[in-house]
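Visitor: Pasted the sequence and its predicted model underneath.
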Amino acid sequence: QVQLVESGGGLVQPGGSLRLSCAASGFTFSNYAMSWYRQAPGKERELVASISTSGAGRNYADSVEGRFTISRDNSKNTVYLQMNSLKPEDTAVYFCGAHPATWSRPINYWGQGTQVTVSL
């Protein structure tokens, strides 16, 4: 059974940091590129960051470049999103997704999401 389970969300003040994790099971994690997406209320889901199967390749949305870092540990079947200098506009539900081989391919598997709220 394929599972992607996100964790690490919560309430944080502007300027603060959070680290999201996404634990994968039920498929060969190292064969999948991984992405983080987010969806704010009333808005469409948007790409935040992607990482290649080995971790050598990374891609970021302009809105998070320089503040967020995506990483992965294939030995733990986990992808991470380190979020620094958080802004209220980063408030959203964050989802991880798995792409077969490369992030140019559609996502096969989605997690259930974790809420991130940036507020005083």
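Guide: Thanks, I have it. Please read all numbers here as calculations on a predicted model, not as lab measurements.

Visitor: Quick check: bridge partners of the most centrally placed residue in the chain?
Guide: Against the mean C-alpha coordinate of the chain, by Cα atoms, centre = their mean, the closest residue is residue 36 at 2.6 Å. Counting by DSSP bridges, residue 36 forms beta bridges with residue 49, residue 96.

Visitor: the helices in this structure, which residues?
Guide: If you assign secondary structure with DSSP state H, the chain ends up with no helices.

Visitor: Point out where it drops to low pLDDT.
Guide: Counting by pLDDT under 70, the chain has no low-confidence residues at all.

Visitor: Now do the residue nearest to the centre of the chain against residue 97, distance only.
Guide: Here residue 36 is placed at a distance of 8 Å from residue 97 (Cβ to Cβ, to the nearest Å). From N, CA and C alone the C-beta is placed, and that goes for glycine too.

Visitor: if I look at the most far-flung residue of the chain relative to its centre, how far off is residue 81?
Guide: Among the residues of the chain, the one whose C-alpha is farthest from the average of all C-alpha positions is residue 120, by Cα atoms, centre = their mean at 23.4 Å. When distances are taken as Cβ to Cβ, residue 120 and residue 81 turn out to be 23 Å apart.

Visitor: before we move on, what about residue 94?
Guide: Remark: distance between residue 94 and residue 81 (Cβ to Cβ) = 7 Å.

Visitor: Among those two, which residue is more densely surrounded?
Guide: More crowded of residue 94 and residue 81, by other Cβ atoms under 10 Å: residue 81, with 27 against 23.
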